[in-house]
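> Sequence below, structure please.
(chains A and B)
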Amino acid sequence: MALEELYKEVILDHYKSPRNKRSLPGAELSCKKNNPLCGDEIAIHAHLSDGRLAEICFEGQGCSISQASASMLTEAVTGKSRQDAEALAQRFRGMMEGKVEPEEETFGDLVALKGVVKYPVRIKCAVLAWDVLQEALAGAGHAAADAPH
Amino acid sequence: MGKVIEHGSGALDAERIRKDFPIFERTPHGKRLVYLDSANTSQKPRQVIDAVTDFYERHNANLYRAVYELAEEATAKFEQARVRLAAFVGAPDPSCIVFNRGTTESINLVAHGYGRKFVREGDEILLSDLEHHSNLVPWQFCAQATGARLRFIPLGEDGALDLSNLDRLITERTKLVAITGQSNVIGTLPPIRRLADAAHSVGAVIVVDGAQLVPHNRVDVDQLDIDFLTISGHKMLGPTASGGLYGRREMLDRMDPFLGGGEMIMEVHRDHSTFKDPPHKFEAGTMNIAQEIGLVAAVDYLEEIGMDAVRQHERELTRYAIDRLMDAGARVFGSHDPETRGGAVSFWYHDIHPHDLAQVLDQEGVCVRPGHHCAQILMRVLGVPATTRASFYVYNTNEDVDALIEALGKVEAFFGA
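All right, here's what the predicted structure looks like:
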């Protein structure tokens, strides 16, 4: 059943009960992007402490894949150093390009998104939150001005 | 003028028509193919496919210059296609039909060839909130190049345009009105003749985006008194990259060429060239010969059904679809009255994102379009990031609508809270 391969239970769970979905006043890192092609929108906020992402939250709207990916991201990178978060983002991208075989211990729930690779149109949905994270890490900072409306 | 073969009024036999379309032999994911994306592109009947194949198998050659038999046949067929398309839209003369890839290319042609030549700084170009990006972005280019200002007729109640301030929107400054003939998102049918009259009263020209209008309605450019009409062949059973532009002949004469190159020229010198008369002035390079010849078969097919029957059939389907969608708890955008709208039905279903919804529908063999439908302005006005759109044509039946509704039930089971 192809559909269940894409929409694994854990994805639907993150979609219906997103983790860390809230605003974060005073966040040192904050970035927002939208995918105008489908109207998906993700903002990521993080508190930094000793160079680590001590607390990370997201806000947004969009399809189950984009929102579940954001929710999983917040769990996967909490407590990570900026470098480790960046490295995970790159490995996640690698998985979406079919080049990286995800291992359970670093990917956690993110492994569930592997099925998206078979649906090329949806890859950008899964990657959106990681785009936002990488832009935030790169210090693009409060780039909230590109909101669609 | 077009000879219209009518098979009486009223609905057509969609089940019989369906048999003419080889693609319906496909069974995606083991299901009956329920194709509800004709506003995106239509399917092609055997007659069109055969016409294209016949051209390549028996007549293929380039146009005009060659003196051998094949080339003469190709040229004759291509020019007959022009005659046929002219008659289909009520154009007074075949030379008013410029062949090209369809609406996007046609609007770019007018925005360049007419807009950049005749629109000046401080002039206004009037569009509407309904427009497809192909009837917006070329005008942005034109406005940026000329210093003209773009204005927009707002959306009013029930998906109709709000024309209450039309006398303030169409003024002495207005040089051009570019408007859709039928919304690709919510099916709105703007009053084209009224807008044409208003435009002409201030000396402006009217460009009608006919991408959705022409495939689904009887259109007569003379009765509508429009200056330019775009025609997308691939949305009216024809091949992709078929269709073109109707333009009032005296306007085509006054316009600048668009693309430069072979076959559009008279004399070429080192520093300048002179150009052929319309329509050839606008047809540079090797043309979409097989496609336009295939489009003739599509026009023949539609006229045999009768455009009034096409419209009536879609009215009935649209009514049935809106009723069933509302019963299922969907929010249907635009008018709910099929008399005032065409058969592109956009909806929002139980807060499930259109991409997720369409993905589940695909598993059931149901093809719909999720997204902004190249109408981001309208999405903002409607206050949604995207919609799901079901759109109908001659081969659709109530059974297709039933399949859509049944599949929506599965979407609910998957994503429902």
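> all contacts plus neighbour counts: C-alpha atoms, from now on.
Will do.
> who in chain A is up against chain B?
With Cα under 8 Å from any Cα of the partner chain as the criterion, chain A meets chain B at residues A:3, A:12, A:16, A:37-40, A:62-64, A:149.
> Counting only helices, which of those residues make the cut?
Assigned to helices by DSSP state H, the following of the residues of chain A next to chain B qualify: A:3, A:12, A:16, A:64.
> By neighbours, which of those residues wins?
Neighbour tally across those (other Cα atoms under 10 Å in any protein chain shown): the maximum, 25 neighbours, falls on A:Ser64.
> That residue against A:Ile11, yeah?
Yes. Contact status for A:Ser64 versus A:Ile11: in contact at 7.4 Å, counting by Cα atoms under 8 Å.
> The stretch 151-300 of chain B: strands as residue ranges?
In order along the chain, the stretch 151-300 of chain B carries the following strands (DSSP state E, counting those that start in this stretch): B:174-180, B:205-209, B:228-232, B:243-247, B:265-268, B:273-275.
> a markdown table for the ones you listed, including mean pLDDT, distance to chain A and mean neighbour count?
Supplementary listing: the strands of the stretch 151-300 of chain B in a markdown table, determined by pLDDT from 0 to 100; distance: least, Cα to the nearest Cα, whole Å; neighbours: other Cα atoms under 10 Å in any protein chain shown:
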| stretch | mean pLDDT | distance to chain A | mean neighbour count |
| --- | --- | --- | --- |
| strand B:174-180 | 98 | 22 | 26 |
| strand B:205-209 | 98 | 22 | 26 |
| strand B:228-232 | 98 | 23 | 30 |
| strand B:243-247 | 98 | 27 | 29 |
| strand B:265-268 | 96 | 40 | 13 |
| strand B:273-275 | 97 | 40 | 14 |
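> so can I have JSON lines of those showing distance to B:Ser42?
Shown next, in JSON lines, are the strands of the stretch 151-300 of chain B (distance: least, Cα to Cα, whole Å):
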{"stretch": "strand B:174-180", "distance to B:Ser42": "19"}
{"stretch": "strand B:205-209", "distance to B:Ser42": "17"}
{"stretch": "strand B:228-232", "distance to B:Ser42": "10"}
{"stretch": "strand B:243-247", "distance to B:Ser42": "13"}
{"stretch": "strand B:265-268", "distance to B:Ser42": "35"}
{"stretch": "strand B:273-275", "distance to B:Ser42": "35"}
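> and of the ones you listed, who's closest to B:Val394?
Shortest distance between B:Val394 and those, using Cα to Cα, is found for strand B:228-232: 16.6 Å.
> That closest one - contacts with which helices or strands?
Secondary structure elements in contact with strand B:228-232, counted by 3 or more Cα pairs under 8 Å, 6 or more residues apart in numbering or on different chains; DSSP states H and E, are helix B:103-110, strand B:205-209, strand B:243-247.
> Minimum distance to B:Ile322: which of those has it?
For B:Ile322, the closest of the helices and strands packed on strand B:228-232 is strand B:205-209, at 25.0 Å, according to Cα to Cα.
> which residues are contacting that closest one?
With contact meaning Cα atoms under 8 Å, 6 or more residues apart in numbering or on different chains, strand B:205-209 is reached by B:103, B:107, B:135, B:175-182, B:192, B:195-196, B:199-200, B:226-231.
> Same check on stretch A:118-125?
Contacts made with stretch A:118-125 from outside it, assessed by Cα under 8 Å, 6+ apart, are listed as A:40, A:63, A:65-66, A:96, A:116-117.
> Buried residues, it. List them.
When burial is assessed from 16 or more other Cα atoms under 10 Å in any protein chain shown, stretch A:118-125 yields the following buried residues: A:122-125.
> hang on, the earlier thing: indicate which one of the strands of the stretch 151-300 of chain B is closest to B:Ile97.
Among the strands of the stretch 151-300 of chain B, if distance is taken as Cα to Cα, the winner is strand B:243-247, at 4.7 Å.
> can you state the direction angle for that closest one and strand B:228-232?
170 degrees (axes from the mean of the first three to the mean of the last three Cα atoms, to 10 degrees).
> what's the angle between strand B:243-247 and helix B:103-110?
Comparing the axes of strand B:243-247 and helix B:103-110 via the same axes, to 10 degrees yields an angle of 30 degrees.
> Mind giving me the packing neighbours of strand B:243-247?
Judged by 3+ Cα pairs under 8 Å, 6+ apart, strand B:243-247 is in contact with strand B:97-99, helix B:103-110, strand B:228-232.
> Now the element after the second one, going C-ward?
On the C-terminal side of helix B:103-110, the nearest following helix or strand under DSSP states H and E is helix B:116-118.
> The next helix-or-strand element following that following helix to strand B:205-209, inter-axis angle?
Proceeding C-terminally, helix B:116-118 gives way to strand B:124-128 as the next helix or strand, assigned by DSSP H and E. Calculated by the same axes, to 10 degrees, strand B:124-128 forms an angle of 30 degrees with strand B:205-209.
> And the helix or strand that strand B:124-128 is followed by, what's buried?
Scanning the chain past strand B:124-128 towards its C-terminal end, the next helix or strand to appear is helix B:137-146 (assignment: DSSP H and E). Within helix B:137-146, the residues that qualify as buried are B:137-143, B:146, counting by 16+ other Cα under 10 Å.
> mind checking how far helix B:137-146 is from the chain centre?
Using Cα atoms, centre = their mean, to the nearest Å, the distance from the centre of helix B:137-146 to the centre of the chain it belongs to is 21 Å.
> Give the other helices and strands that that helix contacts.
Of the remaining helices and strands, those touching helix B:137-146 by 3+ Cα pairs under 8 Å, 6+ apart are helix B:116-118, strand B:149-153.
> Quick one: closest of these to chain A.
Taking Cα to the nearest Cα as the measure, the helices and strands packed on helix B:137-146 were each checked against chain A, and strand B:149-153 came out nearest at 17.4 Å.
> Now that closest one: average pLDDT?
Throughout strand B:149-153, pLDDT has a mean value of 98.
> What distance do you get for the residue of the stretch 151-300 of chain B at minimum distance from chain A to B:Ala390?
Sorted by distance to chain A under Cα to the nearest Cα, the residues of the stretch 151-300 of chain B start with B:Val185, at 14.7 Å. Note on B:Val185: its distance to B:Ala390, by Cα to Cα, to the nearest Å, is 9 Å.
> joint contacts of those two?
Common contacts of B:Val185 and B:Ala390 (Cα under 8 Å, 6+ apart): B:344-346.
> Do you know the pLDDT at the nearest residue to B:Gly342 once chain neighbours are set aside?
By the measure of Cα to Cα, 6 or more residues apart in numbering or on different chains, the closest residue to B:Gly342 outside its immediate chain neighbours is B:Gly187, 4.4 Å from it. Predicted confidence (pLDDT) for B:Gly187: 98.
> Check A:Leu128 too.
You'll see A:Leu128 listed with a pLDDT of 96.
> Same check on B:Gly2?
pLDDT for B:Gly2: 37.
> Could you do B:Glu412 as well?
Reading off the confidence values, B:Glu412 has pLDDT 89.
> what's the helix or strand for it?
Since the elements are taken from DSSP H and E, B:Glu412 ends up inside helix B:398-415.
> for chain A, what are the nearby residues on chain B?
For chain B, the contact set with chain A under Cα under 8 Å from any Cα comprises B:352-356, B:360, B:363, B:370-372, B:380, B:385-386, B:415, B:417.
> Could you give the residue of the stretch 101-250 of chain B that lies closest to chain A?
Of the stretch 101-250 of chain B, the residue with the smallest distance to chain A, taken as Cα to the nearest Cα, is B:His133 at 12.6 Å.
> before we move on, back to that, in JSON lines: the buried residues of helix B:137-146, plus pLDDT.
Rendered in JSON lines, the data for the buried residues of helix B:137-146 read as follows (pLDDT from 0 to 100):
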{"residue": "B:Val137", "pLDDT": "98"}
{"residue": "B:Pro138", "pLDDT": "98"}
{"residue": "B:Trp139", "pLDDT": "98"}
{"residue": "B:Gln140", "pLDDT": "98"}
{"residue": "B:Phe141", "pLDDT": "98"}
{"residue": "B:Cys142", "pLDDT": "98"}
{"residue": "B:Ala143", "pLDDT": "98"}
{"residue": "B:Thr146", "pLDDT": "98"}
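> This completes my enquiry, with thanks.
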